[in-house]
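A.B. asks: Predicted model follows, preceded by the sequence.
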Amino acid sequence: MGVEKMVCLVSRTGRQFQRYNKGRRQVVGCIPYRFKLSSDGKISDELEILVISSQKGHAMMFPKGGWELDESVEEAAARESLEEAGVLGNIGHQLGKWDFLSKSRGTYYEGLMFPMLVTEQLELWPEQHARQRIWMNLVDAREACRDWWMKEALDVLVERLSSPMNQPKEEKNISISIETMC
């Protein structure tokens, strides 16, 4: 018998338990990526990047959302990727921190981004009816992404992956449990 994976199909909502730094809401996200498979089934060195639509469907971006008080920054990044994009994977070292103006709220946020080497893409995930997910090559993903700070994070990831000296020696495999999600 196989092992069944249980995933809570409800996203966390509300901002009462979210973190703030000097009055700025802290948001955490991931750049989900994988290496493309060649026609003979071997892993190539060509990157594929997963982008998702905004909830209103007007823009493309990487999964991100509020960092809550009961989770580590890596857990928040993994949770957002699961909720918004339906992917699980290994979280690498932080790509950076950016201050950006939220167009919808008119306030500044602090955004922290992480790379996620995707190990599993789920068929069912919490926001599957609110978002589209699309695997793109690097050039198309950078062009499609709306936010300047996410494009900068993608540039950091590409630089890191292209230089063996900069590659993280250890990635964190963050387990998301039902208790974490609900």
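C.D. replies: Ah, there it is.
A.B. asks: Lys56 is in contact with Ala130, correct?
C.D. replies: No: contact status for Ala130 versus Lys56: not in contact, 9.1 Å apart, counting by C-beta atoms under 8 Å. For glycine as for every other residue, the C-beta is placed from the backbone atoms N, C-alpha and C.
A.B. asks: In stretch 19-26, which residues are buried?
C.D. replies: Arg19, Arg24, Arg25, Gln26 (16 or more other C-beta atoms under 10 Å).
A.B. asks: Pick out whichever of Ala130 and Lys56 has more residues nearby.
C.D. replies: Ala130 (15 against 9; other C-beta atoms under 10 Å).
A.B. asks: export the buried residues of stretch 19-26 to a markdown table and tack on pLDDT and secondary structure?
C.D. replies: Shown next, in a markdown table, are the buried residues of stretch 19-26 (pLDDT from 0 to 100; DSSP: H, G, I helix; E, B strand; the rest coil):
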| residue | pLDDT | secondary structure |
| --- | --- | --- |
| Arg19 | 84 | coil |
| Arg24 | 86 | strand |
| Arg25 | 89 | strand |
| Gln26 | 93 | strand |
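A.B. asks: What does the pLDDT read for the most centrally placed residue in the chain?
C.D. replies: When the chain is reduced to its mean C-alpha position, the nearest residue by C-alpha atoms, centre = their mean turns out to be Cys30, at 2.4 Å. Listed pLDDT for Cys30 reads 97.
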